[in-house]
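Undergrad: Fold the following.
(chains A, B, C and D)
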2 protein chains.
Amino acid sequence: MPTPKKKARPVAPLSREAWVKAASNLIAQEGVKAVAVEPLALLLGVTKGSFYWHFQNRDELIHAALEAWEQDQSADVVSRYGGIADPRRRLRVLLFAAFEDVENGKFFAALAVSSEDPRVQPYLHRATERRLAFGVEAFRALGFLEAEARERALFAYAAYAGYFQLLRTTPEAVAAVTDLSGYVRRLAETLVPARARRS
Amino acid sequence: MPTPKKKARPVAPLSREAWVKAASNLIAQEGVKAVAVEPLALLLGVTKGSFYWHFQNRDELIHAALEAWEQDQSADVVSRYGGIADPRRRLRVLLFAAFEDVENGKFFAALAVSSEDPRVQPYLHRATERRLAFGVEAFRALGFLEAEARERALFAYAAYAGYFQLLRTTPEAVAAVTDLSGYVRRLAETLVPARARRS
DNA sequence: TGGCAACCATACGCTTGCGTATTGATACGG
DNA sequence: CCGTATCAATACGCAAGCGTATGGTTGCCA
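TA: Residues are numbered from 1 along each chain as shown, chains lettered A, B, ... in the order given. Now for the predicted structure:
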């Protein structure tokens, strides 16, 4: 018997990141309101005492989780797809990549669930603005006027948001469509003309 | 001074329907979780005592509100658009009507927000199933095979759901697109071919 | 005018969750 | 070996909400 003490620590001491990660999972599954300190502590096998050592309060944890997501976002989108010169190809690659990143899509849908929460609104707004602006610019580069570029970008974004909303709320309905790539291909072909054109 | 009593009743006694309506509004704005008895009573100018006279408990109110919505749904969709014989026209009319019914769209988006709630899931599932089935059948009538009909129906439904989700979470982004009918027209033209075809 | 039914107020107990305070337990450097 | 920093348990006070119990007020009707 090495250390037959009264109550062994949960193996390893908990890091701040562990709390943030657990909170992110909870947000992705049940929204921000589900991030409650005591249940979360129970889930992690500790008590509130631990939490309030790592964080000032519940808000700090929530912001940390949202912040982490936003960091990923910016890193991905801007750097990865901004480099593709041809706007036609840039859009297609972005569309396919967006639908393939299921994790991110689900988290986004979860944020939409908590859109009333004043804490998430800034993050949601920034993400939407960034993504839409990215799309608008690409469509403008394809030769569309501002108005039509906006419309097409919104269309694409709505298709994206709607897909992951449905995947969240009624996965069975989505599962009936076996070929996701066909779905995305249709979206791309609708919005991105095969040849350049001017309006 | 007709009736200068101590404390006038809120003019008229509250009907059960008044509670349901207020609850529906709350759901549409802040989701099911926001339907709390005491705040709602405060809003209506009465106290809990009134509520628990009209309803067994909170669940009964929530179900009543969801039930009312489902009734409207079934009535509208099936009867109004089922009568149009030409599937091409049926689909186009349905699409335009769906996007124009902002109230219903907002309520649907609000239900998606509360999709984790076991109370709303059945209603959400039934609505989705009904609508998708309606779309699939119309596309099949246009000559598409089952698989492609499903894909197109899902596409249309996702565009619908996504649009109202964005309208809910980030209305500014949607407001930038002034011409909604262009959006819907594009959707219709993408999905509904001008002429019949076989696959 | 007495009584009953509809409608509502008040007061209470219970649970969940936040945040604080205080006190342990462990590890590690001097 | 001791002290300090790190991490966690326990106990407490507080607020919001649900649901119950009980009593009060109004209107109508016999």
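Undergrad: To what extent is the closest residue to chain B within chain A buried, counted in neighbours?
TA: Residue of chain A nearest chain B, by Cβ to the nearest Cβ: A:G162 (2.7 Å). In this view, the C-beta of every residue, glycine as well, is placed from N, C-alpha and C. A:G162 is flanked by 25 other residues according to other Cβ atoms under 10 Å in any protein chain shown.
Undergrad: Same check on A:G143?
TA: A:G143 has 15 nearby residues by other Cβ under 10 Å.
Undergrad: residue ranges of the helices in chain A, please?
TA: A:16-30, A:37-44, A:48-54, A:58-74, A:80-82, A:87-100, A:102-113, A:121-141, A:146-169, A:171-175, A:180-191 (DSSP state H).
Undergrad: Quick one: closest of these to B:F108.
TA: With Cβ to Cβ, the closest approach to B:F108 among the helices of chain A belongs to helix A:146-169: 10.0 Å.
Undergrad: pLDDT score assigned to A:L166?
TA: Turning to A:L166, the model gives it a pLDDT of 97.
Undergrad: so who does the closest residue to it other than its chain neighbours touch?
TA: Spatial nearest neighbour of A:L166, excluding adjacent residues (Cβ to Cβ, 6 or more residues apart in numbering or on different chains): A:V174 at 5.3 Å. Shown in contact with A:V174 (Cβ atoms under 8 Å, 6 or more residues apart in numbering or on different chains): A:Y163, A:L166, A:L167, B:L154.
Undergrad: hmm, back to that, let me have the helices of chain A in TSV, extended by distance to DNA strand C.
TA: Output for the helices of chain A, formatted as TSV (distance: least, Cβ to the nearest atom of the strand, whole Å):
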stretch	distance to DNA strand C
helix A:16-30	10
helix A:37-44	3
helix A:48-54	4
helix A:58-74	3
helix A:80-82	36
helix A:87-100	32
helix A:102-113	17
helix A:121-141	19
helix A:146-169	22
helix A:171-175	25
helix A:180-191	36
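Undergrad: Please list the outside residues in contact with the helix or strand of chain A with the lowest mean pLDDT.
TA: When the helices and strands of chain A are scored by mean pLDDT, DSSP states H and E, helix A:80-82 comes last with a mean of 76. Helix A:80-82 has contacts (Cβ under 8 Å, 6+ apart) with A:R90, A:V93, A:L94, A:A97, A:F134.
Undergrad: try 6 Å this time
TA: A:R90, A:L94 (Cβ atoms under 6 Å, 6 or more residues apart in numbering or on different chains).
Undergrad: Repeat that for stretch A:87-104.
TA: A:Y81, A:I84, A:A138, A:A141, A:L142, A:Y160, A:V184, A:A188, A:V192.
Undergrad: In TSV: those residues, plus neighbour count.
TA: Below are the contacts of stretch A:87-104 laid out as TSV (neighbours: other Cβ atoms under 10 Å in any protein chain shown):
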residue	neighbour count
A:Y81	18
A:I84	15
A:A138	27
A:A141	16
A:L142	23
A:Y160	24
A:V184	21
A:A188	17
A:V192	19
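Undergrad: export those to JSON lines and tack on distance to DNA strand D?
TA: As requested, the contacts of stretch A:87-104 are exported to JSON lines (distance: Cβ to the nearest atom of the strand, whole Å):
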{"residue": "A:Y81", "distance to DNA strand D": "38"}
{"residue": "A:I84", "distance to DNA strand D": "43"}
{"residue": "A:A138", "distance to DNA strand D": "44"}
{"residue": "A:A141", "distance to DNA strand D": "49"}
{"residue": "A:L142", "distance to DNA strand D": "49"}
{"residue": "A:Y160", "distance to DNA strand D": "34"}
{"residue": "A:V184", "distance to DNA strand D": "42"}
{"residue": "A:A188", "distance to DNA strand D": "45"}
{"residue": "A:V192", "distance to DNA strand D": "47"}
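Undergrad: Could you identify the most distant pair in those?
TA: A:A141 and A:V184 (20.6 Å).
Undergrad: Could you pull up phi and psi at A:E116?
TA: Taking degrees, to the nearest 10, you get phi -80, psi -20 for the backbone angles of A:E116.
Undergrad: and the residue of chain A nearest DNA strand D?
TA: The minimum distance from chain A to DNA strand D, using Cβ to the nearest atom of the strand, falls at A:G49 (1.8 Å).
Undergrad: For that residue, give me its contacts.
TA: So A:G49 contacts nothing (Cβ under 6 Å, 6+ apart).
Undergrad: now with 10 Å?
TA: Counting by Cβ atoms under 10 Å, 6 or more residues apart in numbering or on different chains, A:G49 makes contact with A:A41.
Undergrad: for A:R186, same thing?
TA: By Cβ under 10 Å, 6+ apart, the contact set of A:R186 is A:A159, B:E148, B:E151, B:R152, B:F155, B:T190, B:L191.
Undergrad: Kindly report the same for A:N25.
TA: By Cβ under 10 Å, 6+ apart, the contact set of A:N25 is A:A34, A:V35, A:L40, A:L43, A:A65, A:F107, A:A110.
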